[in-house]
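>>> no sequence on this one, just coordinates:
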């Protein structure tokens, strides 16, 4: 992959904006990935616009930012972090939905803008995020019965998901992401969830819009991530370049020569990516 | 559906054998379904051969039989109960597999024929059954990592499932069955599980073989169940007749005029089915 790795920056317009995945690029669980602190700061100081685009749905953007700050990442701003939960919360308000939340308690504050969220009235949809240890048998059954109940009341059973990731790396171990549990609920009632989060274009477009306000167009943006589908394919489908790092959940056997996705580049880590962008 | 309901017995050869689903036909959780006790005994006393064909994977056949006996069902014999776990256990022994079991502890005795089942040696496959409250986040992650680990060792990640049911009725409430959790693991690694249980033909054929030893052929057999796919379609695909009862998990809106399956008949309950068979 060396030729591809060294060609991706020079092909197309110069890079003016970088979208960074968090987990697997900046940090792995509770540790900064080696070299990522220096690389991140070099990138920010270069004047290139940076946004963090994460599918993390276990925590609020505020928590996510605080955690990165504790790990030593400096100069982060709340409004430069893009996550699925706040986007979905706004959409639910627009549609007048009252969701049942199968999400991690830590992310619930992102849904506080929804009126009567904690009322006892019947829910009109289910939202699933990376609930981690809250993916219990009871929790899954409750979400399933909520969907059944909306169907009984003549509504379409409506499932929104904050991601479709299969798994992620956390503290050197791989963990099931929201995708498999979403697939379980989809199977239970033969329905298809609506995705808010990578790789959906609607989600990438929120970050692209933020870049546009700085005069940067999508063909001047590269997404850097460890998920060949969620990060790389999603960004490329949305008209940006997509670069895969060999950190986080990267698995050489599957990702290095992926059957359907040809990344704009594959590099060892964020440090290598930043070096190429700035060279 | 009345015309279909009243025509299914008279079409084709006379019925000499009946396969009965247990949950949703004989009992719903801890109660016999009204009329099912009398109907079952009438059927057995008529001389028609009866087998119980269940996808239950929470318990051993012995437990299942004991529970039915406690509810008042008489004349049951251990060798007339067909369940996926013992069939799969035999197959695993044949193939030399050492499985990691994501199943309910109560069904584990069915797998005791497998050598070194509890050894600490690396598993070569995962078996998933209806683990109920044992479908925990940790349990799902462990099964996922076991599959990953077999892949790392150069083996094909192999998942066997004891069923694909979406949900079932238990004590007047609907519960997620093994199918959704199997779908979750399939999604996690983009693999397809191998099914032992209804509606697989290999499973129905074990009951058909047992009927054959009594001189009954598959076109003389009817399967009675509350699952339009697992029971009715499965039996019909295997060359038998399939009758749906309106008890258990039957849902009129979906099942009464199913988009793809036309049962040999739809009747209110086991009592109605037996009355037609004997009339």
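Everything's here; your move. Treat the numbers as computed from the prediction; the structure is a model and nothing was measured.
>>> C-alpha from now on. contacts and neighbour counts both.
Noted.
>>> got the contact list for the nearest residue to residue A:250 once chain neighbours are set aside?
The shortest distance from residue A:250 to any non-neighbouring residue, by CA to CA, 6 or more residues apart in numbering or on different chains, is to residue A:226 (5.7 Å). With contact set as CA atoms under 8 Å, 6 or more residues apart in numbering or on different chains, residue A:226 has these partners: A:21, A:24, A:25, A:244, A:245, A:246, A:247, A:248, A:249, A:250.
>>> from these, which is closest to residue B:129?
Using CA to CA, residue A:249 comes nearest to residue B:129 of those, at 28.2 Å.
>>> Need phi/psi at the nearest residue to the closest one once chain neighbours are set aside.
In space, and not counting its chain neighbours, residue A:249 is closest to residue A:169: 5.1 Å by CA to CA, 6+ apart. Per-residue torsions, residue A:169: phi -100, psi 130 (degrees, to the nearest 10).
>>> Count the neighbours of residue A:169 for me.
A count of neighbours around residue A:169, defined by other CA atoms under 10 Å in any protein chain shown, yields 20.
>>> Residue A:85 reaches residue A:162, doesn't it?
Yes - applying CA atoms under 8 Å as the test, residue A:85 and residue A:162 come out as touching, 6.5 Å apart.
>>> Mutual contacts of those two, please.
Common neighbours of residue A:85 and residue A:162 (CA under 8 Å, 6+ apart) are A:57, A:196.
>>> ok, now which ones touch the residue nearest in space to the middle of chain A?
Geometric centre of chain A, nearest residue: residue A:55, 2.0 Å, by CA atoms, centre = their mean. Residues in contact with residue A:55 (CA under 8 Å, 6+ apart) are A:83, A:84, A:162, A:163, A:197, A:198.
>>> Out of those residues, which sit inside helices?
residue A:84 (DSSP state H).
>>> from the contacts of residue A:55, which is closest to residue A:71?
Distances from residue A:71 to those, taken by CA to CA, are shortest for residue A:83, at 19.5 Å.
>>> Which residues are in contact with that closest one?
For residue A:83, the contacting residues are A:53, A:54, A:55, A:56, A:57, A:61, A:197, by CA under 8 Å, 6+ apart.
>>> Can I get those in JSON lines including secondary structure and pLDDT?
JSON lines is the format used below for the contacts of residue A:83 (DSSP: H, G, I helix; E, B strand; the rest coil; pLDDT from 0 to 100):
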{"residue": "A:53", "secondary structure": "strand", "pLDDT": "97"}
{"residue": "A:54", "secondary structure": "coil", "pLDDT": "95"}
{"residue": "A:55", "secondary structure": "coil", "pLDDT": "92"}
{"residue": "A:56", "secondary structure": "coil", "pLDDT": "89"}
{"residue": "A:57", "secondary structure": "coil", "pLDDT": "88"}
{"residue": "A:61", "secondary structure": "helix", "pLDDT": "94"}
{"residue": "A:197", "secondary structure": "coil", "pLDDT": "93"}
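>>> Now rank the contacts of residue A:226 by neighbours and give me the top one.
Most surrounded of these: other CA under 10 Å gives residue A:244, at 30 neighbours.
>>> Is that one located within a strand, as I assumed?
Yes - judged by DSSP: H, G, I helix; E, B strand; the rest coil, residue A:244 forms part of a strand.
>>> and the angle for the helix or strand containing residue A:181 with helix B:178-189?
In the assignment (DSSP states H and E), residue A:181 maps to helix A:178-189. Computed by axes from the mean of the first three to the mean of the last three CA atoms, to 10 degrees, the angle separating helix A:178-189 from helix B:178-189 equals 150 degrees.
>>> Contacts for the longest helix out of those in chain A next, please.
Using DSSP H, we find that the single longest helix of chain A is helix A:137-152. By CA under 8 Å, 6+ apart, the surrounding residues in contact with helix A:137-152 are A:100, A:102, A:123-126, A:156-159, A:185, A:188-189, B:132-136, B:174-176.
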